[in-house]
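Q: sharing a sequence plus its predicted fold:
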Amino acid sequence: MKAIPLILVAFSSFLIGETALSEGYEPGDKATDFKLKSVDGKNYSMSDYKDAKGFIVVFTCNTCPFAVKYEDRVNALAKKYKPKGYILLAINSNDPAVQPDDTYDKMQKKAKDEGFVFPYLVDEGGKVYPQFGATKTPHVFLLDKNQIVRYIGAIDDNADDASAVKEKYLENAIAALEKGATPSPEITKAIGCTIKVKKKA
């Protein structure tokens with residue numbers, strides 16, 4: 001699955017379109033904390049991590065080819081940055097009634113099979129992703145220790161091939177925070193599948 005080219009999926013994603021960031025957070029906004037259940041049965045929130053230097057909030061899922069492509073990279077980011085004080089929290093906001101392969105049970109299986117080292121949280125009722133303005137899987141939000149949004153968008157510039165990445169947007173943004181600087185860019189275009197929820201009547 002991870003080796004499948006994503007050009008056709010990307011094209012269909014562009015056709016579907018995406019919600020404007022103005023409907024969620026922008027850089028400089030303070031994010032509201034959340035408490036969500038993880039695949040280990042425990043609830044997690046940002047306030048649980050009193051000594052965190054920042055948070056990497058990744059909206060993702062089991063099923064999107066883009067999300068699958070990034071699984072290893074997300075796991076590597078969690079391993080690299082937790083010792084540095086940056087906590088990665090992955091959130092699945094897909095409604096399993098719309099996408100049956102994103103049930104809680106299948107999230108648990110995915111986390112076990114892939115060896116996830118981060119909390120994989122379920123956004124039951126789809127309450128968190130609209131607050132953030134997340135529209136894609138994956139869609140990344142980098143927050144500082146005060147839960148101020150500092151970067152929004154893609155993890156890097158090559159969804160299809162990790163070995164061909166030229167710009168590591170997220171890691172560059174973290175490096176800027178470490179220096180007390182403003183990330184540049186602060187926003188990039190998140191490339192992925194749309195978050196799957198029931199359409200409002």
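A: Alright, I've got the coordinates. Residues are numbered from 1 along each chain as shown.

Q: geometric centre of this structure: which residue is closest?
A: Nearest to the geometric centre of the chain sits residue 58, at 1.6 Å (Cα atoms, centre = their mean).

Q: contact partners for it?
A: Residues near residue 58 by Cβ atoms under 8 Å, 6 or more residues apart in numbering: 74, 88-91, 138-141, 155. Any C-beta I mention is one placed from the backbone N, CA and C, and that applies to glycine too.

Q: same list (the residues you listed) but as TSV, adding secondary structure and distance to residue 116.
A: Output for the contacts of residue 58, formatted as TSV (DSSP: H, G, I helix; E, B strand; the rest coil; distance: Cβ to Cβ, whole Å):
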residue	secondary structure	distance to residue 116
74	helix	8
88	strand	10
89	strand	11
90	strand	7
91	strand	13
138	coil	14
139	strand	18
140	strand	16
141	strand	19
155	coil	16
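
Q: out of those residues, flag the one nearest to residue 124.
A: Comparing the contacts of residue 58 against residue 124 with Cβ to Cβ places residue 91 closest, at 10.7 Å.

Q: secondary structure class for the residue nearest to the centre of the chain?
A: strand (DSSP: H, G, I helix; E, B strand; the rest coil).

Q: and the nearest residue to it once chain neighbours are set aside, how many neighbours does it have?
A: Distances taken as Cβ to Cβ, 6 or more residues apart in numbering place residue 90 nearest to residue 58, at 4.7 Å, with adjacent residues excluded. Neighbourhood size, residue 90 [other Cβ atoms under 10 Å]: 26.

Q: for this structure, name the helix or strand with the lowest mean pLDDT.
A: Least confident helix or strand, the chain: helix 7-16 with a mean of 37, by mean pLDDT, DSSP states H and E.

Q: name the helices or strands packed onto the next helix or strand after that one?
A: Sequence-wise, the next helix or strand downstream of helix 7-16 (DSSP states H and E) is strand 36-38. When contacts are defined as 3 or more Cβ pairs under 8 Å, 6 or more residues apart in numbering; DSSP states H and E, strand 36-38 sits against strand 43-44, strand 120-122.

Q: and the residue nearest to residue 99 when sequence neighbours are not counted, what element?
A: Excluding the flanking residues, the one nearest residue 99 by Cβ to Cβ, 6+ apart is residue 196, at 4.3 Å. In the assignment (DSSP H and E), residue 196 maps to no helix and no strand.

Q: appreciated, that's everything.
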